[in-house]
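Visitor: Below is the sequence, then the predicted model.
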Amino acid sequence: MGISLKDIATALNVSKTTVSWVLSGRGDENKISMAMQKKIKDYARQHNYQPNLLAKSLNSGKTNTIGLIIPTIADTFFAQIAREIELEAEKLGYTVTFCSSESDPVRESKLIRMLKAKQVDGLVIAVTEHSKKEIENLMQESFPFVLIDRYFPDLSTNYVIINNEDSVRCVMDRLIANGKKKIAFVTTETRLGVMQQRFKGYLSALQDASIDTDPRLVLDIEYDEYESDIIKKLDKLFTTCPDVDGFFFATHFLALEALRYFYRHSVDITEKVGLGCLHRMPSFSILAPGMIVVDQPVSMIGKQSVDILIQHVKNKDMPVVRTVLPIALDPNSKIV
């Protein structure tokens, strides 16, 4: 058993309140001498004093923990963001509880309620497409939260996202400039607002280049079965549109599965077929060095989401912060 505040107070013949003030950093404001502060701190350190975090949270009403809910920790994109969130939270004196919703709205709702029951100070959430009601409940309760990557355009919430439409247009414009005319759009979870924005960027790029839209080139992959469904959809695409000369992948894991398909079926992705994707995976530089990729600013997403959340924790009346981060092409992308 570690020593308590009372043990330190008894050993040094001072009050428990004095010890509490010193160890909580309030010795100066309570006019405790520097000599006494040093004596208390040295004794606490020598005897391995550990603060009672539960008692501290009961006194302050804060636990200095935040909850993070992402679709899956197995996804490299969300794993990278989780790492950045944890690092930024640590700098600000907070710890993070990680949860995966598995893109299941029922599971996500349970996780939100569980984390609130554990008295986290706030939440960072990459929402599922059906969780609008749960977010509205958080708004009604004035519970601090920030949405990342996904958001609901008609709800006034804190969020940190990228400009999805411009991101797709940026890549599409370069594919078209490279002479590609029949570019397939490979997507999933199409009811998500961000995916709709990405599709809008695809359509507007075609329209501005006076290229007709071909519905056969739009592949909506079933999220829960994407590894097998993308094979079926690509088989059909190459049968109905054998002259397809480009692909834009709305998300990185679809690009990776498609690359597996292309290598198995000897699809020429060096010159004949152009590739573009939103978010880079390390393997792309080896499997598809010519792919044009938008780098998502994961570090900025993590940092800004935590900073906004902590501001909201400290001031629940603060105005909503809507952050749209700039995007950049992967400098390793080969652009003609």
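Guide: Right, received. Where do you want to start? Numbers count the residues shown, from 1 in each chain.
Visitor: and Ala184, that's in a strand?
Guide: Yes: counting by DSSP: H, G, I helix; E, B strand; the rest coil, Ala184 is located in a strand.
Visitor: residues near it, how many?
Guide: With neighbours defined by other C-beta atoms under 10 Å, the count for Ala184 comes to 24. From N, CA and C alone the C-beta is placed, and that goes for glycine too.
Visitor: in terms of contact, does it touch Ile221 like I think?
Guide: No: with contact defined as C-beta atoms under 8 Å, Ala184 does not reach Ile221; the gap is 11.4 Å.
Visitor: Show me what stretch 76-88 is in contact with.
Guide: Stretch 76-88 is touched from outside by 68, 70-73, 96, 98, 124, 126, 148-149, 252, 279, 281, 296, 298-299, 301-303, 305-307, with contacts defined as C-beta atoms under 8 Å, 6 or more residues apart in numbering.
Visitor: Output that stretch in CSV with nothing but the alpha carbons.
Guide: Written as CSV, here are the backbone C-alpha positions of stretch 76-88 (Å, rounded to 0.1, in the frame of the first residue of the first chain):
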residue,chain,number,x,y,z
THR,A,76,-4.2,2.3,-40.6
PHE,A,77,-5.8,5.7,-41.1
PHE,A,78,-7.7,5.6,-37.8
ALA,A,79,-4.8,3.9,-36.0
GLN,A,80,-2.5,6.8,-37.0
ILE,A,81,-5.1,9.3,-35.8
ALA,A,82,-5.5,7.5,-32.5
ARG,A,83,-1.8,7.7,-32.0
GLU,A,84,-1.8,11.4,-32.6
ILE,A,85,-4.7,12.0,-30.3
GLU,A,86,-3.0,10.0,-27.5
LEU,A,87,0.2,12.0,-27.9
GLU,A,88,-1.6,15.4,-27.9
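Visitor: can you give me the helices for the stretch 201-336 of the chain?
Guide: Ranges of helices in the stretch 201-336 of the chain, per DSSP state H, counting those that start in this stretch, are 226-240, 252-264, 284-287, 298-314.
Visitor: What distance do you get for Val186 to Ile148?
Guide: Separation of Val186 from Ile148 (C-beta to C-beta, to the nearest Å): 23 Å.
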